[in-house]
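> Following is a predicted model, sequence given first.
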Amino acid sequence: MDDLVYRGIIIRQTNYGEAHRMLWIFTETDGIIKAVRYGIRGKKTSNAAAFQLFCYGDFKLRPSRGEIMTAVSADIIDGFYPISEDIVKLSLMTYLADITYAVLGEANPDRCILSLFLNTVYALANRDEPYLKLKAVYELKLMCAGGFMPDLGVCAVCGGEPVYFSPGKGAAVCREHLAAGDMRLSDGALALMRHIISVPDKRMLAFRVKDDSIYIELSEICEKYVSVQADREFPSLDYFKSML
Ligand SMILES: [Zn+2]
């Protein structure tokens, strides 16, 4: 079978056997796919830098019947090296890759989510944005793109004033319809969430707030929403938080 070229970004890697590495590449055409890079560890291999986490480029993969594809070579467009050189950035991006995998699964192409992911990697590598802003915006945009856009109009039960967010309902609720696990939603956080949901993806980070402390509240709400909807915890989130 001929080699195939996939444009994408490496979003996860694990050791595989004695000297090999399993890669998960988030590709434009096929979504998240797996490939094995043989002999990548231990000895010097050509092109090794191209197969690092969060490298974006064109990956040449060799199909083999019924087996996982083999990664042959790569032409890197952007290595986003400021991320791999900074443990906090790396831990944040690892968490964002984990929630992306949880929402999308394998072999499920989604150019919208890939574009959100690439915007976020780019901003984290090249721009001076608060970590919690990048995190919350990506979490919320990912949920919207994945079919979980929260309803933030009025209380989802009675139409009253929305002052709590219910991660289970994916909606704002009033004081009267508060349930276990719901979270206080300040006016500022509500306005910001509405803005992030409605703003075009390309301009998703092009806003400023008066006080960065709003990102703490926003980040807690968005991570809880992801966790409840995905029905799992993310150890990489705890690791990221331990770095702050
Ligand atoms: Zn209500």
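Yep, that arrived. None of these values were measured; they are calculated from a predicted model.

> alpha carbons only for contacts and neighbour counts from here, please
OK.

> Can you read off the pLDDT for the residue in the chain sticking out farthest from the centre?
Relative to the mean C-alpha coordinate of the chain, counting by C-alpha atoms, centre = their mean, the farthest residue is residue 176 (33.9 Å). Predicted confidence (pLDDT) for residue 176: 97.

> And the one 10 residues further on, by the same measure?
Looking at residue 186, its pLDDT is 96.

> Please tell me how far the residue farthest from the centre of the chain sits from residue 157.
Distance, residue 176 to residue 157, by C-alpha to C-alpha, to the nearest Å: 9 Å.

> repeat for residue 213
Applying C-alpha to C-alpha to residue 213 and residue 157 gives a distance of 30 Å.

> Between those two, which is the more surrounded one?
Using other C-alpha atoms under 10 Å, the more surrounded residue of residue 213 and residue 157 is residue 157, with 14 against 11.

> SS state for that one?
Assigned by DSSP: H, G, I helix; E, B strand; the rest coil, the conformation of residue 157 is coil.

> near the ion, which residues of this structure?
Contact residues (C-alpha under 5 Å from the ion) of the chain with the ion: 155, 157-158, 160, 174, 177.

> let's see it at 8 Å
155-162, 173-178 (C-alpha under 8 Å from the ion).

> top of those residues by neighbour count?
Busiest of those [other C-alpha under 10 Å] is residue 173, holding 30 neighbours.

> Phi, psi for the nearest residue to it once chain neighbours are set aside please.
Once flanking residues are discounted, residue 173 sits nearest to residue 155: 3.9 Å by C-alpha to C-alpha, 6 or more residues apart in numbering. The phi and psi values for residue 155, taken as degrees, to the nearest 10, are phi -50, psi 130.

> Would you enumerate the residues in contact with residue 155?
Residues counted as contacts of residue 155 (C-alpha atoms under 8 Å, 6 or more residues apart in numbering) are 161-162, 171-174, 177.
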